[in-house]
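Chemist: turn this into a structure:
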Amino acid sequence: MFEGLSDRLGGIFDRLRRRGALSEDDVNEALREVRVALLEADVALPVVKDFVASVRERAIGHEVLRSVTPAQMVVKIVHDHLIAMLRGDEEDEKLRAATGSGLNLAGAAPVPVLIVGLQGSGKTTTAAKLAARMKKRERRRVLMASLDVYRPAAQQQLALLGQQTDTAVLDIVAGEAPLAIAERALDTARKQGFDVLILDTAGRLHLDEAMMDEAAAVKACVRPVETLLVADALTGQDAVTVARSFHERVGVSGIVLTRVDGDSRGGAALSMRAVTGCPIRLIGVGEKIDALETFQPDRIAGRILGMGDVVGLVERAAEVIEHEDAEKLARKVMEGQFTLDDMANQFRQLRKIGDVKGLLGMIPGIAKAKKQIEDANIDDRMIARQEAIILSMTAKERRNPRLLNGSRRRRIAAGSGTTVQDVNRLLKQHQQMSEMMKKVGKLGKRGLLGGRLPPGLLPPMPPR
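Modeler: The predicted structure is shown next:
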């Protein structure tokens, strides 16, 4: 996510830092490069112009050019302006702080939430992800209903997703019109005591009058508290155009950007708020049903500038890591102990949390080790192979790796479907992590990333 833009901006600021004192020409040159980087990231031209002008106004001021660390001041100014560009108005920020999800679900139950967007943008999957999120985090009873009577098997798709997430879905009645489905869904939700009603509207391959009129009619009928536009981040500036059109014709209260994990440029996210005036509420960061995150402007800005997102990493870890397991590992770390069983448990925790490369991107400064990570091929499959190697060992071998002579390593490689070299690499990685654990133990509880990363989660280390 935002990898291309992050790399470009990182290179620009690294060159600035090497110069020490900055002249006005240095700042102007850097901002020209920032402008090109933003345009290449598919950020809308008017947004780029406003952004660069605002940064230049502060960056060539007395406070920067005379600062002890002028390059760091420029980075801070860019960071602050990125946050300002991504952030909603004061009311949106209060809502985000109050709910965590950034969605307004206040009002008498059932609270209607309308999902709109083009076909193929991920509306149906997003509806299911949103329902699962509300059930898990807010303990709300959710009813979903599909109003898409045009796309083949669209209603059956939502029904199947409802089964997978254990979420109630309105029964399908053949030949029923979208407006009639919406009315029946609202009536059913009231009678059966649901807290939230999610309505998944039909989409088209392109914007057309019939789609807009139908969405507007459904909205007038159910009067939703939230009207969420689902837009595909990979479509770049087209996503911005779609958002503007829906907002003008239907009225959108928030945006959900999907496939953000596949968009290394990030231009749609950076342009969306400025061009449409609508806040980005949520972002889809994967195919799994729990791969939906609250859009946090300050954290996104930090990721773009290579500062990581430790808070987001901790939140993800806290959702899947049992408190007792974390405390147990913390005690072992403090004692300088770290067995192969502990290492296997770490691999399981990492696979539960999500995509490994996505997690690595949330660690501050990890971009500096990008080449090492690529060479080490750190991904979910590598983690699964390493776990298989450990599970092919006996309990005694996992407790005491010194027992692993050549013949035992060949047996483990054959049992796990790997090579002896893979086994050797894992043992070397375990040795490195054991040494790190001893150092962390000496530093105390605040040893790992300044105490910000929970002891139940340790970042994977590429073998040196």
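Chemist: quick one: distance of stretch 383-403 to the chain centre.
Modeler: 32 Å (C-alpha atoms, centre = their mean, to the nearest Å).
Chemist: the spatially most central residue of the chain: what's its closest spatial neighbour, skipping adjacent residues?
Modeler: Compute the mean C-alpha point of the chain, and by C-alpha atoms, centre = their mean the closest residue is residue 285, 4.5 Å away. Spatial nearest neighbour of residue 285, excluding adjacent residues (C-beta to C-beta, 6 or more residues apart in numbering): residue 261 at 4.6 Å. (Glycine included, C-beta is placed from N, CA and C.)
Chemist: surely the residue nearest to the centre of the chain meets residue 256?
Modeler: No - using C-beta atoms under 8 Å, residue 285 is not in contact with residue 256; the gap is 11.4 Å.
Chemist: overlap of the contact sets of those two?
Modeler: By C-beta atoms under 8 Å, 6 or more residues apart in numbering, residue 285 and residue 256 have these common neighbours: residue 292.
Chemist: output the below-cut-off pLDDT ranges for the chain.
Modeler: 1-4, 19-22, 61-71, 88-102, 262-266, 303, 306-330, 332-336, 352-380, 440-464 (pLDDT under 70).
Chemist: how much space is there between the residue of it positioned farthest from its centre and residue 50?
Modeler: Using C-alpha atoms, centre = their mean, the residue of the chain lying farthest from its centre is residue 407. It sits 44.1 Å away. Separation of residue 407 from residue 50 (C-beta to C-beta, to the nearest Å): 68 Å.
Chemist: return the list of helices and strands in contact with the lengthiest helix in the chain.
Modeler: Secondary structure of the chain read by DSSP state H shows that its longest helix is helix 420-443. Counting contacts by 3 or more C-beta pairs under 8 Å, 6 or more residues apart in numbering; DSSP states H and E, helix 420-443 packs against helix 323-334, helix 340-353, helix 380-391, helix 406-416.
Chemist: and the second one, which residues are buried?
Modeler: Residues of helix 340-353 classed as buried: 340, 342-347, 349-350, 353 (neighbour count, 16 or more other C-beta atoms under 10 Å).
Chemist: so which of those residues comes closest to residue 57?
Modeler: Nearest to residue 57 among those is residue 353, at 41.2 Å by C-beta to C-beta.
Chemist: re the thing from before, between helix 380-391 and the longest helix of the chain, find me the angle.
Modeler: Here helix 420-443 runs at an angle of 90 degrees relative to helix 380-391 (axes from the mean of the first three to the mean of the last three C-alpha atoms, to 10 degrees).
Chemist: so helix 420-443 versus helix 406-416, what angle?
Modeler: Angle, helix 420-443 to helix 406-416, by the same axes, to 10 degrees: 100 degrees.
Chemist: I'd like the helices and strands packed on helix 420-443 laid out as JSON lines, including distance to residue 139.
Modeler: Formatted as JSON lines, the helices and strands packed on helix 420-443 follow (distance: least, C-beta to C-beta, whole Å):
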{"stretch": "helix 323-334", "distance to residue 139": "20"}
{"stretch": "helix 340-353", "distance to residue 139": "21"}
{"stretch": "helix 380-391", "distance to residue 139": "30"}
{"stretch": "helix 406-416", "distance to residue 139": "41"}
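Chemist: so residue 289 makes contact with residue 162?
Modeler: No - the criterion here is C-beta under 8 Å, and residue 289 misses it with residue 162 at 11.1 Å.
Chemist: so what's residue 293 bridging to?
Modeler: Beta bridges link residue 293 to residue 283 when assigned by DSSP bridges.
Chemist: can you report how many residues neighbour it?
Modeler: Neighbour count for residue 293, taken as other C-beta atoms under 10 Å: 22.
Chemist: correct me if wrong: it contacts residue 282.
Modeler: Yes - Residue 293 lies in contact with residue 282 (C-beta under 8 Å); the separation is 6.7 Å.
Chemist: okay, now the residue nearest to residue 285: neighbour count?
Modeler: Around residue 261 there are 20 residues (other C-beta under 10 Å).
Chemist: gap between residue 292 and residue 117?
Modeler: 15 Å.
Chemist: these two: which has the busier surroundings?
Modeler: For the pair residue 292 and residue 117, the greater number of neighbours falls to residue 117 (29 against 21), based on other C-beta under 10 Å.
Chemist: spatially nearest residue to the more buried one (excluding sequence neighbours)?
Modeler: Distances taken as C-beta to C-beta, 6+ apart place residue 230 nearest to residue 117, at 3.9 Å, with adjacent residues excluded.
Chemist: kindly report the same for residue 168.
Modeler: Here the residue nearest residue 168, using C-beta to C-beta, 6+ apart, is residue 143, at 4.9 Å.
Chemist: many thanks, we can stop here.
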